[in-house]
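**Student:** Output the structure for:
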Amino acid sequence: MLLIILSCIGLSGSDQTAVTTGGDVSPTPAVESEQGFMLTRWTVGMQVHSAAVADDGEALYGAIGGGTVCTFDGDGTMVADSDVSADADLRDSRDEQALAATESGVELLDVNNNAVKRWEVAGVRDAALREHGMVAVTSSAIRWFSDSAEVASMPTAGCSSLSLDREADVAWVACGSSVVAYEVDNATGFAVAGGASRVAWSAQAGLLFVVDAAGTQLSAVTPEGAVVWSEALSGNAKGLVAVGGTDVAAVLVSGEEANQLVLLSGVDGAILDSGKTDATRINGAHEEPVLELNGGFSTSLVDVEIGG
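**Tutor:** Numbers count the residues shown, from 1 in each chain. Predicted structure coming up:
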């Protein structure tokens with residue numbers, strides 16, 4: 001583990017480069033914003049396999065492989081490292097905790113004291129942190145856990161992407177031909193034209209952003225299932241998040257020469273900003289308009305400032 005710690009610190013210290021707008025900087029910013037609403041705060045030259053952003057956007061937890069998660073502060077400085085399973089895939093963050101899916105289950109990492117809580121859950125496809133505990137979607141069920149034990153389980157079929165409304169404790173899940181709202185003791189759903197492969201709940205807009213089964217169309221849908229708007233994407237959606245503190249959706253779209261990050265208004269689906277990026281994954285803070293992009297040997301934190 002000592003070698004991993006040294007590697008983590010060494011990579012952060014030697015390759016980290018602060019990125020600002022309007023200058024000749026290296027490495028290349030995370031996204032080349034067309035309208036200027038996306039501002040790269042920092043980029044670090046480190047291969048991060050998966051990441052989760054703190055609720056306030058002032059910390060980033062990145063799994064770098066080998067059983068190590070690096071914690072970066074708001075300035076991009078690596079301030080801590082923690083132990084996880086070697087195959088940990090970070091999915092969510094809350095307070096100073098990070099949640100990861102593994103081959104054998106789900107791990108909760110407390111970045112303050114390096115403690116890990118493990119729940120044995122087979123076939124995890126996605127997971128999210130509740131107010132007290134977590135919820136996981138598997139190949140056959142959605143399972144609810146408190147801090148110490150499982151409290152509920154419901155069978156599912158063909159479900160994948162999960163987005164949790166923490167305030168209401170409702171898990172919205174993309175289930176192929178439909179979107180289902182799972183609560184600890186209840187489940188309701190509605191069919192979606194074109195199906196659903198990804199879903200993101202926007203607390204600010206009170207809407208669901210849904211990518212269709214083909215991955216080429218984004219829609220805004222009310223919790224009752226009414227479609228507010230639909231927009232075709234220029235490629236296949238590789239990631240989707242609701243931008244914290246706004247009514248905006250951020251979708252990472254595949255492209256022939258480079259991927260593209262697109263911001264769309266939750267009100268009418270209008271494109272607010274877009275830009276090319278080398279990133280292959282996206283994550284976002286829950287409460288603040290901060291996005292994380294990673295892929296290859298670069299990881300970046302991006303502030304979203306929506307113009308008036």
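
**Student:** immediately after the helix or strand bottoming out on mean pLDDT in the chain, which helix or strand?
**Tutor:** Lowest by mean pLDDT, DSSP states H and E among the helices and strands of the chain is strand 16-18, with a mean of 38. As assigned by DSSP states H and E, the chain's next helix or strand after strand 16-18 is strand 32-33.

**Student:** residues contacting Thr106?
**Tutor:** If you look again at residue 106, you'll see it is Val, not Thr. Shown in contact with Val106 (Cβ atoms under 8 Å, 6 or more residues apart in numbering): 99-100, 118-119, 121, 124, 127, 134, 136, 145. To be clear about C-beta, it is placed using only N, CA and C from the backbone, and glycine gets the same treatment.

**Student:** among those, which are in strands?
**Tutor:** Among the contacts of Val106, the residues falling in strands (DSSP state E) are 99-100, 118-119, 124, 127, 134, 136, 145.

**Student:** in stretch 133-140, what counts as buried?
**Tutor:** 133-138 (16 or more other Cβ atoms under 10 Å).

**Student:** no wait, stretch 205-222
**Tutor:** Quick answer for stretch 205-222 (16+ other Cβ under 10 Å): 205, 207-213, 215-221.

**Student:** From start to finish, how long is stretch 216-231 in a straight line?
**Tutor:** For stretch 216-231, the separation between the terminal residues is 9 Å (Cα to Cα, to the nearest Å).

**Student:** same thing with stretch 43-55?
**Tutor:** Distance between the two ends of stretch 43-55: 19 Å, counting by Cα to Cα.

**Student:** Pull out the buried residues from that stretch.
**Tutor:** Buried residues in stretch 43-55 (16+ other Cβ under 10 Å): 43-46, 48-55.

**Student:** Tell me which two of the residues you listed sit farthest apart.
**Tutor:** Spanning the widest gap among the buried residues of stretch 43-55 are Gly45 and Asp55, at 26.1 Å by Cβ to Cβ.

**Student:** Give me the nearest residue to Ser160, chain neighbours excluded.
**Tutor:** Excluding the flanking residues, the one nearest Ser160 by Cβ to Cβ, 6 or more residues apart in numbering is Arg125, at 5.2 Å.

**Student:** my bad, should have said Lys276
**Tutor:** Ala258 (4.3 Å).

**Student:** The one you found: what's it in contact with?
**Tutor:** Residues in contact with Ala258, defined by Cβ under 8 Å, 6+ apart, are 276-278.

**Student:** where does the chain have low pLDDT?
**Tutor:** Low-confidence segments of the chain (pLDDT under 70): 1-28, 308.

**Student:** re earlier: can you flag which of the buried residues of stretch 43-55 belong to helices?
**Tutor:** Secondary structure from DSSP state H places none of the buried residues of stretch 43-55 in helices.

**Student:** From the buried residues of stretch 205-222, pick the one nearest Met78.
**Tutor:** Among the buried residues of stretch 205-222, Phe209 lies closest to Met78 (Cβ to Cβ), at 32.0 Å.

**Student:** now for the helix or strand hosting that closest one, which elements pack on it?
**Tutor:** Applying DSSP H and E as the criterion places Phe209 in strand 207-211. Under the contact definition 3 or more Cβ pairs under 8 Å, 6 or more residues apart in numbering; DSSP states H and E, strand 207-211 sits against strand 170-174, strand 186-196, strand 198-202, strand 217-221, strand 237-242, strand 248-253.
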